[in-house]
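In: here are the coordinates; sequence isn't available:
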């Protein structure tokens, strides 16, 4: 772990937008370094079990270091700074390691979710279960390759989840900080698993309702990605109950705003910017708030559109079909309604931040993330 | 948690065999009570996510409370007593909660293993993925029922693994004890996942070797079931490095002896005693040390028997076929060889215990468990 003043960038200009971006990038670099160090620390025990296990653990390391936005560590670090945690030095290094542990929880969530959703690609690479199944097929081992891929993906996700706890426990945070963050860490993992379960059940019973989609957003995204990481960071820095409370409400609002923005980008995003095929969510048939609103409006105002929407989503749509569905969803007012919700949620988050007493770099960073949720393009 | 002097049974007669059994039973009761309390403590957060999640968490609770031998908590408790940990009082209660957390790791291992092995039943009930798939089919939800069952089983296993950490962290052990047990807890989970992975790979590449079977036994069973739990309990009670070292070697020997005994019972066990169909391991085609020894001997001395063994195991055998294979495996000397290994391992474990300096109830309990591995019938 080599974080510290250098890797966190120059502090003097922390109020300029460029410095905000730098700050985010510096945290991401520090998270990558902490994860790399952690994986290195596991190598002796892994190698002791066997070369096959070492190879599998390398797959996990590659998956984790392939990136992502490091949103959860960023929010935890932001919470820490907001509550007056050190920006540099030993305690900051320990906190960055603790923040990085969130990426291992996320690795488990993604690897297992990809199997559950039968997704073939993630971040431009084959998903773990697909990759492992291909290797099984290539070497000509016995048994069903897909089932082998699924089994190894389950075990590697488990390993990531177990290691998340190890990384947090070995972060170097003092025991009083561990005691304070324990309830947040615990709630976060239970809530995200609950959210994943609700998601799977919602889809299986064909629940198209706004409420069901919002409940999944609440637990699978908002609590897990924003609320609990913010609270975890703040409580590590010994925030008072009032600040934790503010971060609770703000985290939910901001987390839902992020998800709603994702939903819009999943249908209307520019592939050149998002890196995903245009209209991906429509092809996958994702049950979003955007879709729930469109279907509810179509049911009452335009039954033909409702029928077409229902029969189209989740199928292998052409570009022209995607364009037509986009126009329909816009025409039904669902996009305006989602934009209105995002504006309301982010306005409320800004106001909560203003009243929170959070100051300095943490407050600046959090403000920039609220603004990003309101306007980001990827 | 209501453990204490009463629930641990009368201490005065702790050196009689009946009292040993009572002690084991009392620890099992205390573990069940601790697990029940823990599940109750999760209900508010689970209910907050939704009724569907509460229902799924109940499935997990039923699975965990349906029992098993509670071997890992028993060994951890034994390690604690051996190193002079309190048998009653607040610290004992905290330690029993910490021991019970091992059963949640085990719940994850079993639920995920059952999916990976495509097992239909466990402890006389449908396995979790099979049970959930049936429910999906019964209510007529959309999508593939088996894949839904697999997905929910993956998430419930994850929940058990996350909750294992929560239960340990919230056990009430003092922070210095937590610091001491952290390396054992960490190694144990990494090793069992490594062992599971080796198991899956060994089977997929059709590796019939003695070495491969022993390596799986070493990590999937011995480290996970005996060595690390013993060390975890002993280190919680602040055992010195020498005792931890003795428990390392003794735990591996005893754990492998237990697995070898299981292998014998899986082929020769009396269904009336084991509760499993006769010759179950042969029908499942389990790659055991017993089978590896039989195949190695047959390859050099009796190629026809080797061919018959290879073509028979893993198929739906009749009773007569099972009887024939049993006779063949005995005739090849594999049973005598496994019994010889068990005797050597348990003799060495007894000697290590004698030299360990462990005394009192802990040593008595451990001695009875070594004897059980040497001679048990289920």
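Out: Perfect, thanks for sending it. In this text, all values refer to a predicted model and were calculated from it rather than measured experimentally. Numbering: from 1, shown residues only, chains lettered A, B, ... in the order given.
In: check contacts around the most centrally placed residue in chain A.
Out: Nearest to the geometric centre of chain A sits residue A:225, at 5.3 Å (CA atoms, centre = their mean). Contacts here follow CB atoms under 8 Å, 6 or more residues apart in numbering or on different chains; on that basis residue A:225 touches A:71, A:72, A:75, A:255, A:258. For the C-beta atoms, the positions are set from N, CA and C on the backbone; glycine is no exception.
In: distance of it from chain B?
Out: Using CB to the nearest CB, to the nearest Å, residue A:225 is found at 15 Å from chain B.
In: what comes up buried for the lengthiest helix in chain A?
Out: Identified as the longest helix of chain A according to DSSP state H is helix A:17-49. Across helix A:17-49, burial judged by 16 or more other CB atoms under 10 Å in any protein chain shown covers A:19-20, A:22-24, A:26-35, A:38-39, A:42, A:45-46, A:48-49.
In: what about stretch A:206-217 and chain B, any contact?
Out: Yes. Using CB under 8 Å from any CB of the partner chain, stretch A:206-217 reaches chain B at A:206, A:215.
In: That stretch: end-to-end distance?
Out: 17 Å (CA to CA, to the nearest Å).
In: burial measure for residue A:351, as a count.
Out: The number of residues packed near residue A:351 is 12, by other CB atoms under 10 Å in any protein chain shown.
In: right, and the secondary structure at it would be what?
Out: helix (DSSP: H, G, I helix; E, B strand; the rest coil).
In: show me the contacts for residue A:182.
Out: Taking CB under 8 Å, 6+ apart, we find residue A:182 in contact with B:166, B:169, B:170.
In: Could you point out the helix or strand that follows the longest helix of chain A?
Out: Next along the chain after helix A:17-49, taking DSSP states H and E as the criterion, comes helix A:51-65.
In: after that next one, next one along is what?
Out: With DSSP H and E, the next secondary element past helix A:51-65 is helix A:71-82.
In: Just the buried residues of that next one, please?
Out: A:71, A:72, A:73, A:74, A:75, A:76, A:77, A:78, A:79, A:80, A:81, A:82.
In: So residue A:108 is in contact with residue A:161, correct?
Out: Yes. Using CB atoms under 8 Å, residue A:108 is in contact with residue A:161, at 4.1 Å.
In: now residue A:305, nearest residue through space, not along the chain?
Out: Leaving aside its chain neighbours, residue A:305 sits nearest to residue A:298 (4.4 Å; criterion: CB to CB, 6 or more residues apart in numbering or on different chains).
In: Can you classify that neighbour by secondary structure?
Out: helix.
In: And for it, the neighbour number?
Out: Under the neighbour criterion other CB under 10 Å, residue A:298 is assigned a count of 22.
In: list the contacts for it?
Out: Residues in contact with residue A:298 (CB under 8 Å, 6+ apart) are A:305, A:306, A:309, A:328, A:332.
In: Next step: those restricted to helices.
Out: Using DSSP H, the contacts of residue A:298 in helices are A:305, A:306, A:309, A:328.
In: Which two of those have the greatest separation?
Out: For these, the farthest-apart pair by CB to CB is A:306 and A:328; their separation is 9.8 Å.
In: buried residues in the helix or strand bottoming out on mean pLDDT in chain A?
Out: Every helix and strand in chain A was compared by mean pLDDT, DSSP states H and E; the lowest is helix A:271-274, with a mean of 75. For helix A:271-274, the neighbour count (16+ other CB under 10 Å) marks residue A:274 as buried.
In: Touching the helix or strand following it from outside, list them.
Out: Per DSSP H and E, the first helix or strand lying C-terminal to helix A:271-274 is helix A:280-284. Residues from elsewhere that reach helix A:280-284, judged by CB under 8 Å, 6+ apart: A:263, A:266-267, A:277, A:288, A:291, A:312-317, A:322, A:325.
In: Nearest to chain B among those residues?
Out: residue A:314 (10.3 Å; CB to the nearest CB).
In: Can you verify my assumption that the closest one contacts residue A:285?
Out: Yes. Counting by CB under 8 Å, residue A:285 is a contact partner of residue A:314 at 2.5 Å.
In: what is the orientation angle of the longest helix of chain A with helix A:51-65?
Out: Orientation of helix A:17-49 against helix A:51-65 (axes from the mean of the first three to the mean of the last three CA atoms, to 10 degrees) gives an angle of 170 degrees.
In: and the residue of the stretch 51-200 of chain A nearest chain B?
Out: Nearest residue of the stretch 51-200 of chain A to chain B (CB to the nearest CB) works out as residue A:194 at 3.4 Å.
In: Quick check: pLDDT value at the closest residue to that residue other than its chain neighbours.
Out: For residue A:194, ignoring the flanking residues on the chain, the nearest one in space by CB to CB, 6+ apart is residue B:49 at 3.4 Å. For residue B:49, the pLDDT comes out at 96.
In: need the contact list for residue B:49.
Out: Residue B:49 neighbours (CB under 8 Å, 6+ apart): A:190, A:191, A:194, A:195, A:198, A:219.
In: quick one: which of these sit in helices?
Out: A:190, A:191, A:194, A:195, A:198.
In: For those residues, pick the one with the most neighbours.
Out: In terms of neighbours by other CB under 10 Å, those top out with residue A:194 at 30 neighbours.
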